[in-house]
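Q: Build the 3D model from these lines:
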Amino acid sequence: MKKVAVILAGCGVYDGAEIHESVLSLLAIEQAGASWHCFAPDVDQHHVINHAAGEESGETRNVLVEAARIARGDVKPLTELNVNEFDALLLPGGFGVAKNLSSFATSDEEMEIEKEVLRVCKAFAIAEKPAGYVCISPVLIPKVYGPGAKGTIGNDPQTAAAFNAMGGEHIDCPVDDFVLDQSRRLLSTPAYMQATSVSQANAGISKLVSKLVELA
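A: Next comes the predicted model:
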């Protein structure tokens, strides 16, 4: 059975991993006949958002501990992820990608990627193992894969411009499809960058994951 490593950015669309995208990804991995294995950086979140009020709560929460909510406790520190033990990589979206896994939310194209996230993503790239980036997570692609790497966040002009400014080649993509950079074995899909429903998000995610497992 093929093994897919999944990096979660916490729990919650506004400050962590997007929950719908994460669960849909795990489901799609199982439906494709593979197994999922969740990891997260053991660091504090950038901040905590009260999702009911849409405001900062002033709390401090840990990304790994929050990610465990999605994985039903089955999550390991990202420091323990060994690329040699897995066939593919997947990163669901959520603002946690831009706040906890990187500084994109505050730095745009000048962003830095959290050191363990960068280590793992680069390891999969160097090993030429397939990787899938969902929703906002494709903004990491240019920093991981270098100039010319193809990817999509959908069709948001500002985010696409930042992707290109970092050296990537952004390709507009509808919500129910994905972009494949064949030479890099690299996949991306818009999901909730465009989706207005769970079923819309699932359309692109399920296609991406199916191809990801096929390539693994």
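Q: For residue 15, give me its contacts.
A: 45, 46, 47, 48, 49, 61, 95, 96, 99, 100 (CB atoms under 8 Å, 6 or more residues apart in numbering). To be clear about C-beta, it is placed using only N, CA and C from the backbone, and glycine gets the same treatment.
Q: and those residues, which of them are in strands?
A: If you go by DSSP state E, the contacts of residue 15 have residue 49 in strands.
Q: Show me which pair in the contacts of residue 15 is furthest apart.
A: Farthest-apart pair in those is 61 and 95; separation 13.7 Å (CB to CB).
Q: between these two, who's got more neighbours?
A: More crowded of residue 61 and residue 95, by other CB atoms under 10 Å: residue 95, with 22 against 18.
Q: Spatially nearest residue to the more buried one (excluding sequence neighbours)?
A: Leaving aside its chain neighbours, residue 95 sits nearest to residue 14 (5.3 Å; criterion: CB to CB, 6 or more residues apart in numbering).
Q: Measure how buried residue 176 is and give me the count.
A: By the criterion of other CB under 10 Å, residue 176 has 18 neighbours.
Q: Rounded mean pLDDT for the lengthiest helix in the chain, please.
A: Among the segments of the chain that qualify as a helix by DSSP state H, the longest is helix 198-215. Mean per-residue pLDDT for helix 198-215: 98.
Q: Report all helices and strands that that helix contacts.
A: For helix 198-215, the packing partners by 3 or more CB pairs under 8 Å, 6 or more residues apart in numbering; DSSP states H and E come out as helix 19-31, strand 88-91, strand 131-134, strand 186-189.
Q: starting at the chain centroid, how far to it?
A: How far helix 198-215 lies from its chain's middle: 13 Å, per CA atoms, centre = their mean, to the nearest Å.
Q: What is the distance between stretch 192-208 and the centre of its chain?
A: With CA atoms, centre = their mean as the basis, the mean position of stretch 192-208 lies at 14 Å from the chain mean.
Q: Now that stretch: buried residues?
A: 192-195, 200-208 (16 or more other CB atoms under 10 Å).
Q: Nearest to residue 156, out of the residues you listed: which one, please.
A: Minimum distance to residue 156 across these is 6.2 Å, recorded for residue 193 (CB to CB).
Q: what's around the nearest residue to that closest one once chain neighbours are set aside, how many residues?
A: Leaving out its chain neighbours, the residue that sits closest to residue 193 by CB to CB, 6+ apart is residue 154, at 4.1 Å. As a burial measure, residue 154 scores 23 neighbours (other CB under 10 Å).
Q: Could you do residue 14 as well?
A: 18.
Q: Does it touch residue 53 like I think?
A: No - under the criterion of CB atoms under 8 Å, residue 14 makes no contact with residue 53, lying 10.6 Å away.
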